[in-house]
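**Q** Provided below are the primary sequence and the corresponding predicted coordinates.
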Amino acid sequence: MNLINSILVKLLTLLPKWMVKPFASPYVAGVTADKAVETIKSLNKRGYVATVDILGEHVATEKESYEIRDEYLNLYDRIKGLDANISLKPTHLGMEIDPVLAENNLVNILEKAKENNNFMRIDMENSPYTDATIDIYKKCLNKYDKVGMVLQSYLKRTAQDISNLDSEKFNCRICKGIYRESEEIAYHNKVKIHEQFFSDVKAILSGKGYAAIATHDIPLINKIEEWIIENKIPFDRFEFQVLYGVPMGNRLVELLEKGYKVRNYVPFGEAWFDYSIRRLKENPNIMWYVLGNMFKK
Ligand SMILES: Cc1cc2nc3c(=O)[nH]c(=O)nc-3n(C[C@H](O)[C@H](O)[C@H](O)COP(=O)(O)OP(=O)(O)OC[C@H]3O[C@@H](n4cnc5c(N)ncnc54)[C@H](O)[C@@H]3O)c2cc1C
């Protein structure tokens, strides 16, 4: 089955985009900000909060980085009144061209977040950018409290980063990590990464920080929830986060019913194709789920 799934995903990459769209649609809100706003409204109605991201990374020119910055500035106004904030990638704002360019763009966006009393999260990309991203995060934190970052449990350095960054202002999304990293700096064993994630969540919550627990690994969510209950961690110290469209059975509804905050990461934009193919590669079973829905219709 795995081989058939992989072949089907490979075939999808060769098809025209309009044919792939039905398979992409569970994962992305659409191409425009209007579609993202519609999706967030529907999530809010069902009790979820959201974080919205303009798809794309690694812009090639300064001009492009300014265009993306301006799109994010507008987006803060578009999500006024909704229970949603923004997540963004440093290389989408020019980090690969010049870290100072990315920093200036991020600070501009942060000022807008402050003006709108909203929050901004800086996503974490691959390891060449880890130090520069942490550095920019610290600079942002000196300007405005409502800013967060991301750490990846597969990186061997993460436990130390958590310890270095711990403070009442530390707002950290913890995730397993999505990029290919060398064994020198990253764990490759799935069981080890799962354990490390659990240990990182405990470290953040045993310290002073806020944890955004970003995983679809249901046994891991169960283990974390048990620990949170045992240790009487207040509900305002953490939230659960998932990528929009990843099937989670009834687990998210259960979390909501228990009063936990659950945030959906809602991506949108022109770059929907590459993003969706990456998601399908991670979980080819989604194709069967989409096909099933198409036939039911
Ligand atoms: C809200 C959010 C924000 C993230 N931000 C970052 C970031 O800034 N930097 C970074 O490096 N990584 C980020 N990630 C990705 C993360 O690092 C993992 O690569 C991804 O979540 C898969 O790990 P998992 O914990 O869900 O567990 P896994 O063990 O990989 O997956 C558990 C189950 O969920 C399914 N699943 C997991 N992910 C997907 C998917 N994308 N599509 C379809 N099915 C899936 C799997 O097939 C499996 O059944 C983010 C993830 C989330 C949820």
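**A** The structure has been received and is ready for your questions. Numbers count the residues shown, from 1 in each chain.

**Q** what's V253 in contact with, if anything?
**A** By Cβ atoms under 8 Å, 6 or more residues apart in numbering, the contact list for V253 is empty. In short, each C-beta sits where N, CA and C put it, glycine included.

**Q** Which parts of the stretch 1-150 of the chain are helices?
**A** With helices called from DSSP state H, counting those that start in this stretch, the stretch 1-150 of the chain shows them at 2-14, 17-24, 33-45, 62-78, 99-115, 130-143.

**Q** Figure out which of those is closest to I122.
**A** helix 130-143 (5.5 Å; Cβ to Cβ).

**Q** quick one: is that closest one near the ligand?
**A** No. Contact of helix 130-143 with the ligand (Cβ under 6 Å from any ligand atom) is absent, the minimum separation being 9.5 Å.

**Q** correct me, but F268 touches Y27?
**A** No. Using Cβ atoms under 8 Å as the test, F268 is too far from Y27 to be in contact (10.3 Å).

**Q** just the strands in the protein please.
**A** 49-54, 84-88, 120-122, 147-152, 171-175, 210-214, 238-243, 262-268 (DSSP state E).

**Q** Contact residues of the stretch 101-250 of the chain facing the ligand?
**A** 123-124, 150, 152, 173, 175-179, 214-217, 241-243, 246.

**Q** returning to what we had before: looking at F268 and Y27, which one has more neighbours?
**A** F268 (26 against 21; other Cβ atoms under 10 Å).

**Q** give the contact list for the more buried one.
**A** Counted by Cβ under 8 Å, 6+ apart, F268 has contacts 28-33, 35-36, 39, 52-55.

**Q** Any idea how many residues pack against the closest residue to the ligand within the stretch 1-150 of the chain?
**A** Residue of the stretch 1-150 of the chain nearest the ligand, by Cβ to the nearest ligand atom: D123 (3.5 Å). By the criterion of other Cβ under 10 Å, D123 has 21 neighbours.

**Q** Look up phi and psi at it.
**A** Dihedral pair for D123: phi -60, psi 160, per degrees, to the nearest 10.

**Q** Leaving out the residues flanking it, which one is nearest to it?
**A** Among residues not flanking D123 along the chain, K89 sits closest, at 4.8 Å (Cβ to Cβ, 6 or more residues apart in numbering).

**Q** now swap in N118 and tell me
**A** N85 (5.5 Å).

**Q** quick one: contacts for the most centrally placed residue in the chain?
**A** Nearest to the mean C-alpha position of the chain, by Cα atoms, centre = their mean, lies Y265 at 5.4 Å. Taking Cβ under 8 Å, 6+ apart, we find Y265 in contact with A50, T51, D53, S87, A214, Q241, V242, L243, Y244.

**Q** hang on, the first one packs against K41?
**A** So that's A50. No. Contact criterion Cβ under 8 Å: A50 and K41 do not qualify, at 9.4 Å.

**Q** hey, what's in contact with both of those two?
**A** L82.

**Q** Correct me if wrong: the residue of the stretch 1-150 of the chain closest to the ligand contacts T51.
**A** No. Contact between D123 and T51 fails when scored by Cβ under 8 Å: they sit 9.6 Å apart.

**Q** quick one: common contacting residues for these two?
**A** S87.

**Q** how far away is the residue nearest to the centre of the chain from L151?
**A** For Y265, the distance to L151 equals 16 Å [Cβ to Cβ, to the nearest Å].

**Q** go on, I68?
**A** 24 Å.

**Q** low-confidence ranges in this structure?
**A** 1, 23-24, 279-280, 282-297 (pLDDT under 70).

**Q** count of residues packed around the residue nearest to I97 when sequence neighbours are not counted?
**A** In space, and not counting its chain neighbours, I97 is closest to E62: 6.4 Å by Cβ to Cβ, 6+ apart. E62: 13 surrounding residues under other Cβ under 10 Å.

**Q** For E62, which residues are in contact?
**A** Contacts of E62 by Cβ under 8 Å, 6+ apart are G94, I97, L101.

**Q** now, which of these sits nearest A203?
**A** Checking the contacts of E62 one by one against A203 (Cβ to Cβ), the nearest turns out to be G94, at 31.9 Å.
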